[in-house]
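> got a sequence here, can you model it:
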Amino acid sequence: MENKIRLTEEDVELLNSKIGLRMLFANERTNLSKALRYTKYEKELREFQAELVKLQTWVIEKKKKVVILFEGRDAAGKGGAIRRITAHINPRHFRIVALNKPTEDEKGQWYFQRYVNQLPKPGEIVFFDRSWYNRAVVEPVNGFCTQEEYKIFMSQVNEFEKMIIHSDTYFIKFYFSITKAEQIKRFDEIRKNELKKWKMTPLDEKAQVLWDEYTEYKEVMFNKTNSEHAPWTILHANKKTLTRLAAIKHILDVIPFEE
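Coordinates of the predicted model:
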């Protein structure tokens, strides 16, 4: 039996709103505290999303360029965060970039070339769902690049990002961090969900076994690439709702848009 909780007048008003009533009756068994928690989350999320619309309007009108990277463990919630951020902004003025493995031609190019081709034009926001930092962690852990290629990347990445910023671009780097236990829990949920099974990849299946190797390369990445001009923002992502709000708040705080 659910413990009694004390509701303020504001809580009652929230639960009587359209969002609150939807949350209250989302399941056969009403969970008052859970419904209230999710109602507060949805209310704050919508307020933030309204601010993101204003931010994008400023980006378009002032012809600004914005790049936001989403890195992190498999199943850390990067895609879910991007979906909430982009839910109500103008789709003609943003892109989500999630590149497949390089083609044979791309393998012969400068490593950063295919990412340069995806950078924003004036008035555009680009979200990278994983980025060039694949070469800092995923590729060396799984043997997709040589140690020499890895070293070259690590020696060039800070200057590459400095060039992006100096081209009058706002640049944000997120890392979504979850615990090993939380990752296996989310993998289990994905495997059991018929609509999400496609998300599991061969790399995901090895993620738990290679956890320590990923950690080792991740720490080197932070030490070498947490630069003054392009610092990492680490989001502790075990709670998806709080992480999404924290990501949006950081974007709104960092980019000095004017209404």
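> and the gap between residue 140 and residue 87?
According to CB to CB, to the nearest Å, residue 140 stands 35 Å off from residue 87. For every residue, glycine as well, the C-beta is placed using N, CA and C.
> then residue 146?
In terms of CB to CB, residue 146 sits 40 Å off from residue 87.
> need the contact list for residue 168.
64-65 (CB atoms under 8 Å, 6 or more residues apart in numbering).
> same for the helix or strand where residue 43 lies, what does it pack against?
Using DSSP states H and E, the element containing residue 43 is helix 32-61. On a contact count with 3 or more CB pairs under 8 Å, 6 or more residues apart in numbering; DSSP states H and E, helix 32-61 meets helix 9-15, helix 18-24, helix 78-86, strand 124-129, helix 240-254.
> mind redoing it with 6 Å?
helix 18-24, helix 240-254 (3 or more CB pairs under 6 Å, 6 or more residues apart in numbering; DSSP states H and E).
> average pLDDT for the longest one, rounded please.
To tie it back to what came earlier, the one meant is helix 240-254. Helix 240-254 carries an average pLDDT of 97.
> helices or strands next to that helix in the packing?
Using 3+ CB pairs under 6 Å, 6+ apart: helix 240-254 touches helix 32-61, helix 78-86, strand 232-236.
> run the angle between the helix or strand following the longest one and strand 232-236 for me.
Same thing as helix 32-61. Downstream of helix 32-61, the first helix or strand assigned by DSSP H and E is strand 65-72. Orientation check (axes from the mean of the first three to the mean of the last three CA atoms, to 10 degrees): strand 65-72 against strand 232-236 gives 50 degrees.
> I'd like the mean pLDDT over strand 65-72, please.
Per-residue pLDDT values across strand 65-72 average out to 98.
> send me that strand as PDB with only the CA atoms.
Extracted in PDB, the C-alpha atoms of strand 65-72 (Å, rounded to 0.1, in the frame of the first residue of the first chain):
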ATOM      1  CA  LYS A  65      26.100  28.200 -35.900                       C
ATOM      2  CA  VAL A  66      25.700  25.600 -33.100                       C
ATOM      3  CA  VAL A  67      27.300  22.200 -32.700                       C
ATOM      4  CA  ILE A  68      26.400  19.900 -29.800                       C
ATOM      5  CA  LEU A  69      28.000  16.500 -29.300                       C
ATOM      6  CA  PHE A  70      26.400  13.700 -27.400                       C
ATOM      7  CA  GLU A  71      28.800  11.000 -26.200                       C
ATOM      8  CA  GLY A  72      28.600   8.300 -23.500                       C
END
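> that strand pairs with which strands, parallel or anti?
strand 124-129 (parallel), strand 169-177 (parallel) (DSSP bridges).
> what does that strand contact?
59, 78, 120, 122, 125-129, 131, 133, 169-176 (CB atoms under 6 Å, 6 or more residues apart in numbering).
> got the contact list for residue 212?
No contacts exist for residue 212 under CB under 6 Å, 6+ apart.
> averaged pLDDT, the helix or strand containing it. What do you get?
Assigned by DSSP H and E, residue 212 belongs to helix 211-225. The pLDDT scores in helix 211-225 average 98.
> pLDDT below threshold where in the stretch 1-150 of the chain?
Low-confidence segments of the stretch 1-150 of the chain (pLDDT under 70): 1-4, 9, 11-16, 18-33.
> need the contact list for residue 191.
Neighbours of residue 191 in contact, by CB under 6 Å, 6+ apart: none.
> mind doing that once more with 8 Å?
197, 200.
> element containing it?
If you go by DSSP H and E, residue 191 is part of helix 180-192.
> and residue 84, how many neighbours does it have?
20 (other CB atoms under 10 Å).
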